[in-house]
Structures are given as structure tokens and as C-alpha cells.
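S.K.: how would this look folded up:
(2 chains)
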Amino acid sequence: MPAESYFDWTANLFDLARISGKPEALKGIRVLDLSLIIFGPATADYLGEMGAEVIRVEMPGGGDVMRIVAPEGQFWKNVSPAFFAQNHSKYHVAIDLHKPQGQDLIRQLAAKSDVLVENYRGGTLERKWGIGYRQLREINPRLIYVANTGFGQWGPFIRRASYDGLAQAVSGFTAVSGFPGRPPLKMGIYIGDYFGACLSALGVLAALHYRDRTGRGQFLEVAQCEALLRAMDWTWVYAGLTGKNRSQHGNRDPSVSPSGIYACRDGFVALVAGSDEEFRGLCRAMGRDVLLADPRFATRAARAEESHAEALDSQIASWVRGMTRLEAEAVARKYGFAAAAVATAKDHYEDPHLRARGSVWEMEDPVYGKMVEHGPAPKLSGTPLRYKWAAKPVGFHNQYVLGRILGLSPDRIEELERQRVIGRWADRKGPKPPDDWTPGQGEIR
Amino acid sequence: MTDQPWETWIRQECDPREAFAEPEALDDLLVLDVSQESVAGMICTSFLAELGAEVIKVEPPGGDPARAWGPPGFTHQGEGLAYLAEGRNKYCVTLNLEVAEGREAFRQLARRADAVVEAYRPGQMDAWGIGYRQLSTENPRLIYVAISAHGQYGPRAAEAMREHDLTSQAASGLTFITGEPENDDAGPLGVPTKAGPWLAGYAGGAWAAFGLLGALHHRHETGRGQMVDVTPAEGLMRYLEYTLLWYHVDGRIRERIGYYDLAVFPYTFVRVKDGWAFIAGYTDPNFRALCRIMDRPDLTEDPRFSSTSARVRPENERVLREEIEIWSMLYTSEEILEKVMADPGPGVVIFGRVETPVEVLSRENWWERACFQRISDPVYGDLTLQMPVWRMTGTPPRIRWACRPPGYHNTYVYQKYFAWSPNHLATLRSQGVI
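M.R.: Just a heads-up that it's a prediction; the model follows:
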């Protein structure tokens, strides 16, 4: 009896429709998220996709400033659309950290948490509010405490404030990207924040593995600038050996040629035909077998030489110009080299492959309705990552977190509200629910 | 307990120079890395190896073609620079998976391994009888990570396109929203633009390691392994914030806007006397601080710039950036940084020079933080390497060696796992098995 084909087997193994019936990798792990904006909340978010229960702490009233940092200043359902991408499936509680009773609630939560995420300047939580690592580990020695900052917890630069854009600049990432002679290339997203947050989450899981083996928690940190330094592949080895700067190569990958991004009739396509096999395929596809006999292109090394690569580049550019992106991809498939359309949001939204994989993730949130976002990146067969719900207004889950997780009585919770130790959203765009929200909608009873 | 200032205490606890005295988080793990020509595969196992895993890189007898990658026409002792940077801590063996004996040896190793990381075209390992389907029957605890261009499932999974960082960046959606817009200024260079470094590879590698470690925790609880499917394109895609939601809500296709920003301003690059710099002050207090430092109080009153929402209107961003540049071009980046650091507040300006790699390497900060180290490698000589990124009080990562040539550890690894003598290895070599 013939074995099931590989792709029938994988379709079964990773079937999106069966995700709900599968366990979560970080079930039973609780993350206390005290962080703000992106580089902090995203770390907690990635752990939440893996199944951790994430408690998101914000200040009562306004909450995280990210709620009002909106593309073109435009809100959607009373919140910035930019707030959702790093705040899935979290339990939102609003606690005033300036008040001793608020700090005490944090201590109680930390006692019951496995991971704490913060991105304040180093030492702030300890010095201002008595809830830093040195204090909390006394309460909970198993705690894994992760701190994300721009320049780190110690070192000559820690007094400097940092954003992702600064990290791109001071790490050298900007200087090795883009076209020579043009203004600096600003990445289209805050790459220092998101990639940095990803490395941070990865570090947490390494610490969790160690804790699984030994029972011990620890403190770890990631500096955003250093995350980008780490990601610059051969830049440093090269500078160390030659004393020279890596050049800007625009849209070519200097280590593989031909490679580039080319204009088509309906957009742009990236193309790589680096191996001898792929290059042969490309030449045949272009109907230019004569290139195979050209010594400039005879080997990988020859093709990679600057002037040779440029010569190939212009030939490919004129060949691709007359095609659509889909035609270019089809030709590449047929002749065995690599081509990928430079994808837009519309391309992704309409892509059945990405939808089948959950990389375009559609869900119905009880407060925000139908939403479509980019889904979790790694696909796990046994414990698939998933989004459960969207971000919520400030303090939306106060009752649940304080009543169910901390076990506080309704009277006690009311008292904390009266004393303004905890609170809910201010009545303004950003922290508050959509205009069509009715009390109780989406709440956990 | 808190007698020492935090900064002093945490530096002691996390001192990278003392890392070797501390335990390692992943040193109970055996990881087989059979990825070839894959940046993401290389990076994934670099991270694991930094954190202590025993990573065995299994290559064809000719070596992983990725070893040739790096700046064109430049190798160091026969090695491309990419692998010198990312070969860290890995044991290198050769094994020919195209022959039955090679596959059998791999199968035996996989029985004992905690994880396999591969980057062949989907279905290749399965066709060889050493895919997850087969290996998991013999080792149900195995975590099997597969990296590819389109993934292991979905309508495009069978396309068999080779994965490259460039095509992955393009497919991710990040390239479309990066670069100068099409206009007179940029001319033919107003095109979607890739990141210089292998960003898709690093994102894919990070997600692959993240997926593997999540699966590992699940295995700790349940004893069960699983498969992890990662594409570098989707790895970068996850970082695209509201890009898809915007399209869903409004039909808006996010476009590239050069050095402007959609959500916050000022948050941009400006010319300075000695090059370019990044400058930001987008909240009201921070913008006021910037105007104070520039001695331009009029800008805070100007209705085009007096609120966060006004400042992000595209036409206002253009004007404001030019106004800042009138000032910034009068000073060097050092001079501006001094002014920024000297300002008493309230509010804070974020500022930094666009540094070249050579300039970065001249900054004491990165060396004190041990982000770089000059390693004296017995095989490759003196190398400047970027160090592991995590600072950890309990299990700090570390680099034990930079990189090794193909087959360097054949004797050790095959003795350890198969009790194969050097004589036997010689036979296998002549048969093309290793």
C-alpha cells in the first residue's frame, strides 16, 4: 500500500482547522507584562502566542501611549490600529504603580507568575517602585525576569534614550543598507523593536528550559542596538580583517549573483539564480544560452564580481520588465531558479497559501469584530501557535485578574477602585472601547 | 540586598567575561544541523549553540555551499566570511545523505538527538526516509525543525523553490514598504529596497529557535516531540504591525515613504555637518525639548507642528524635517549629542549618528558590553566576531570557538557516537559516505 504523499501528510499534520483541539506549548506559564509601547509588549505577545497567559499591566486612565500612536493619526474603533500587533490574547489590568498598594498588587502577581517583562530604563522598577528583580526574586526565586532596553542595563551609553530608529543608526545597520549616495534607508517597520523582542522571547524560553531542569529562575536582558549588531552577519568579520566598511549594495545580495529586485509591468519582483544550476535555468528562460559560454558568468565567484554582476543585472532587468510578477514567478518555477513578487498588503490578504498556513489570520473579536492580521510565524504541528482575542481597553480584565488570579473579593476590588489604586479607561480615544461597545460585551464573567 | 546600585550589581551578575564560570541553559541538548545554503538554518543553530547546545553540523563531503558566502571575491583561508561569523560552537562532520549508508548513520544519530534542523526543499528528507515522519517513529521525543521558502504545507508547499534571504525579504511584505518613493529626487532608485544584512535569515532563524524551544518545554511536560515549520518570509512578516489590519479595515495598501514615518514625528534622518544622524522627539514633551535645544520655540506654536497628530501629516513632516535640518547641518553629530545630553528636560531628544561599521567598532561602549570580541582562533587566526546578544545572570551564552572546516570533528563525533575508528573513517571516506 503506497504511503500517503508527503504533502497530504503535512496538510493533515498542520491542518489549521484542527488547531483548537491541540494543546499549547506554554500552557500553565504566566507572563506579567509591565512593559510599554513595542519593545516589551511584543516579547510578551510572542510568549502568549505559544500559550502563555499574559497579564498586561497599564496605568489607569490613559494606559500605554501606543494606544494613541496611530498611523496618520487615524484611530480605528477608538484605538490606534498599531496597538494590536503586539497585544494579542492578553488580560488587561490597570494598576497605579506609583501607589504602594499598586506596587503590592504587582508583588502578588509576580509571586504567581513565571515570567516578567519590562522595558523601563535600567533600575527604574527597583528604585522608584520596589518591584525590580532584586526584590521580586526574593518573593519568587523561580521568576524569569526579562528587561528590554535600547542600550542595556549597564555600560557607557545607558544614560542615552533610544528608539528603534536610533538602534538602526548606531548599530551600523543603516550604513550597510540601501543605495550608495542616497539618504539613509529607514526600514519600513521598527525592526529593532520587533526583532529585538523576538530575541528576547527566545532568551526567555532558554531560561525556561534551564528552569525546567533545575527549578531556578534568572534575570536576562536584551539591548535593542545589540540585537541589530548581532544580525549583521559578516559585517564585523570583514571590518576586522580588512579595516574596511561593508559597502551598500542596493537591492543586490553581494554573496550571490545574479540577485536583485526588478521592475515588472505590475510591480516588482526579487530574483536569485546563484547556484550554477539556477543560473543555467535562468539563461535558458531568457533564451540567452550565450551567457553560459561567457567567462564573466562561468562560476559563482566570477558572477559575483561587481562589474560582472552589474552586467547580468541590466540584462535581467530588461528581460523582466515586460512580464507581470506572476509570470516572472511562473518562469522561475519552470526553469528552476528563485523569484518572488515584492508583496503588498493586498497580495498577502488575498493569498490562499498564507491563509492556509495561518500567516494571514482572520478572527472575530467580541469587542472589535472581524480582524485580519499577520499570524504567528513558526508553525508547530503538536502545539500550534494561535491568537485568541485582540487587545482590549485599559483595565478591561481588572475583575478577572484581581478576582480570579489574585483571589481578591469584590469588596476589596471596589475599595481599590475607590482609592484609585486600580482603574479603567479614561473617556478618550486610545484607552476607551469602541463607540458601539455595550457594557459586558467581551468581558469575562 | 539592594545596597549596590542596580547598575553595578547587574553588571557583576551578567559580566560576559565571567560567562564560562556559569552553567549553560541548553547543554543537555543534542541538535543535528543538516541545513544547507540556509541563512536561517545557520542562525537558528548558532543561537542554540551559543546557549550551550551540542550542535553537530552535518555537511556533504564537499561542505555546505553557504561557506562560500560573504563579500564578493573575498575569502579568509578558503572560507567565506558568513560562516566565519556564524559557525560558532558547532561540531562539523561530513556525511553523504545521498547514499544509503550516510542516511543510515544519520538515522541512528537522530534516534538519540533532541532536535534536527533542516532546510532542504520540502519532501526531500522524507523521500530519503529521514524526514520527520520516519524519524519520529523511532524517536517520538524528536523536535524536527524544517526551514524552507514556502513551508511544508499549503498550496505552494510543493513548489520546491530554493530559499534565499533576498526573495524571502521580498515575499515578507517588508521590502514593499521600505525605500524611497518613486519621485524626481530618487529617480531610478525610488524603489522597494531590501535590508543590507540577511534580515529574513535572522528573523527566520530566531523564530525557528523560538519554535524549537517552545516545543521543548511542551516535551518536558508531556514527553512528546513535534515538527516546526518555518519560513524566513513569514518570520519577517510577523513584524509588519498594522499593515494587514489597515488593508482589512480601509483597503489601504501601505506604501514606502523614505525616511518619513506614518505614526510618529519627528522620527527621521537628518543631515549633520559630518554626515547623517537619526533624530526623534515625537511626543509633545519630547518635541518641546527638541525645539528648546534648537532654539526654535516658534515651532511648538506653529499649528502644523503643535500636536502629535498634526506632526504626522505628510506635508507637515516634510516641512518640519527641513526646519530641523537647517539647524542640524550647522553642527557635528558630537556637538548635537552634547547639547541633547546637556538639556535638563522636561522631555528627551533621541539622537545618534548614522555610524559606519568601522566607526561602530571604534566605540568603547560595544566592547565594554562585550558585543564584540577579537578571538584568536587556532584555525582561522584573529577574527572580530559579534557576541551572543543575551545577558543572563544564570546561564550566560558564550562562544567557545569561531568556526571549523568541514569534517573537522569527524574523528571525535564518530568515535563518540559510533565508536568508528580512524581506519574505519578512512574506508568510509574512500566510499564517499563521509
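
S.K.: For A:Arg216, the count of nearby residues, please.
M.R.: With neighbours defined by other Cβ atoms under 10 Å in any protein chain shown, the count for A:Arg216 comes to 15. For the C-beta atoms, the positions are set from N, CA and C on the backbone; glycine is no exception.

S.K.: Need phi/psi at B:His76.
M.R.: With angles defined as degrees, to the nearest 10, B:His76 sits at phi -130, psi 110.

S.K.: Looks like it contacts B:Ala85 (just checking).
M.R.: No: in this structure, B:His76 is not within contact of B:Ala85 by Cβ atoms under 8 Å, at 10.7 Å.

S.K.: what residues are up against the closest residue to chain B within the stretch 101-250 of chain A?
M.R.: For the stretch 101-250 of chain A and chain B, the shortest gap (Cβ to the nearest Cβ) falls at A:Gly240, measuring 2.6 Å. With contact taken as Cβ atoms under 8 Å, 6 or more residues apart in numbering or on different chains, A:Gly240 is in contact with B:Leu361, B:Arg374, B:Asp382, B:Leu383, B:Thr384, B:Leu385.

S.K.: Please determine how far the first one is located from B:Gln36.
M.R.: So that's B:Leu361. B:Leu361 sits 31 Å away from B:Gln36, going by Cβ to Cβ, to the nearest Å.

S.K.: per-residue confidence at A:Met1?
M.R.: Looking at A:Met1, its pLDDT stands at 52.

S.K.: For chain A, give me its nearest residue in chain B.
M.R.: Evaluated by Cβ to the nearest Cβ, chain B has B:Thr384 as its residue closest to chain A, separated by 2.6 Å.

S.K.: ok, that residue touching A:Val237?
M.R.: Yes: look at B:Thr384 against A:Val237 with Cβ under 8 Å: they come within range, at 6.2 Å.

S.K.: Just the pLDDT at the nearest residue to B:Gly381 once chain neighbours are set aside, thanks.
M.R.: Counting by Cβ to Cβ, 6 or more residues apart in numbering or on different chains, B:Gly381 lies nearest to B:Gln77, which is 7.4 Å off, once chain neighbours are set aside. Model confidence at B:Gln77, expressed as pLDDT, equals 92.

S.K.: Next up, the contacts around B:Gln77.
M.R.: B:Gln77 neighbours (Cβ under 8 Å, 6+ apart): B:Val379, B:Tyr380, B:Gly381.

S.K.: quick one, phi psi at B:Tyr267?
M.R.: Torsion angles, degrees, to the nearest 10, at B:Tyr267: phi -160, psi 90.

S.K.: Got a quick PyMOL command for the buried subset of the contacts of B:Gln77?
M.R.: One line in PyMOL is enough to select the buried members of the contacts of B:Gln77, burial here meaning 16 or more other Cβ atoms under 10 Å in any protein chain shown:
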select buried, chain B and resi 380
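
S.K.: Please list only the buried members of the contacts of A:Gly240.
M.R.: Of the contacts of A:Gly240, these count as buried by 16+ other Cβ under 10 Å: B:Leu361, B:Leu383, B:Thr384, B:Leu385.

S.K.: list the contacts for A:Leu136?
M.R.: Shown in contact with A:Leu136 (Cβ under 8 Å, 6+ apart): A:Arg107, A:Ala110, A:Leu116, A:Leu143, A:Tyr145.

S.K.: would you say it is within a strand?
M.R.: No: using DSSP: H, G, I helix; E, B strand; the rest coil, the assignment for A:Leu136 is helix, not a strand.

S.K.: Need the pLDDT of it.
M.R.: On the pLDDT scale, A:Leu136 gets 98.

S.K.: tell me the strands in the chain, going along the chain?
M.R.: Reading this off chain A. In chain A, the strands defined using DSSP state E lie at A:30-33, A:53-58, A:90-94, A:115-118, A:144-149, A:218-223, A:259-264, A:267-272, A:338-341, A:360-365, A:369-374, A:379-380.

S.K.: ah, no, chain B please
M.R.: B:30-33, B:54-59, B:91-94, B:115-118, B:143-147, B:226-230, B:267-272, B:275-280, B:350-353, B:372-377, B:381-386, B:391-392.

S.K.: and the ones you listed as a markdown table, adding mean pLDDT?
M.R.: A markdown table is the format used below for these (pLDDT from 0 to 100):
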| stretch | mean pLDDT |
| --- | --- |
| strand B:30-33 | 98 |
| strand B:54-59 | 98 |
| strand B:91-94 | 98 |
| strand B:115-118 | 98 |
| strand B:143-147 | 98 |
| strand B:226-230 | 98 |
| strand B:267-272 | 98 |
| strand B:275-280 | 98 |
| strand B:350-353 | 97 |
| strand B:372-377 | 95 |
| strand B:381-386 | 97 |
| strand B:391-392 | 98 |
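
S.K.: export those to CSV and tack on distance to A:Val421?
M.R.: Compiled in CSV, the strands of chain B are given as follows (distance: least, Cβ to Cβ, whole Å):
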stretch, distance to A:Val421
strand B:30-33, 48
strand B:54-59, 49
strand B:91-94, 55
strand B:115-118, 46
strand B:143-147, 44
strand B:226-230, 43
strand B:267-272, 35
strand B:275-280, 34
strand B:350-353, 33
strand B:372-377, 46
strand B:381-386, 45
strand B:391-392, 34
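
S.K.: what about stretch A:273-293, average pLDDT?
M.R.: The average of the pLDDT scores along stretch A:273-293 is 94.

S.K.: How about it, which residues are buried there?
M.R.: A:273-275, A:278-286, A:291.

S.K.: Which ones among those also lie next to chain B?
M.R.: By Cβ under 8 Å from any Cβ of the partner chain, the members of these lying near chain B are A:Gly274, A:Ser275, A:Glu278.

S.K.: Tell me the one among the residues you listed nearest to B:Gly347.
M.R.: A:Gly274 (49.2 Å; Cβ to Cβ).

S.K.: Tell me the spatial nearest neighbour of that closest one, not counting adjacent residues.
M.R.: Excluding the flanking residues, the one nearest A:Gly274 by Cβ to Cβ, 6+ apart is A:Val256, at 3.5 Å.

S.K.: Break the chain down into its structural domains.
M.R.: You didn't pick a chain, so chain A it is. Residue ranges for each domain of chain A read A:9-231+A:368-418, A:259-343, as given by automatic domain parsing.

S.K.: oops, chain B please
M.R.: Taken from automatic domain parsing, chain B resolves into B:6-239+B:369-430, B:267-354.

S.K.: Look at the longest one and report the distance between its end residues.
M.R.: Using Cα to Cα, to the nearest Å, the span of domain B:6-239+B:369-430 from its first residue to its last is 60 Å.

S.K.: for the last one, same thing?
M.R.: Using Cα to Cα, one end of domain B:267-354 lies 14 Å from the other.

S.K.: quick one, longest helix in chain A?
M.R.: helix A:191-214 (DSSP state H).

S.K.: Against which helices or strands is that helix packed?
M.R.: helix A:41-49, strand A:115-118, strand A:144-149, helix A:164-171, strand A:218-223, helix A:224-230, helix B:199-222, strand B:391-392 (3 or more Cβ pairs under 8 Å, 6 or more residues apart in numbering or on different chains; DSSP states H and E).
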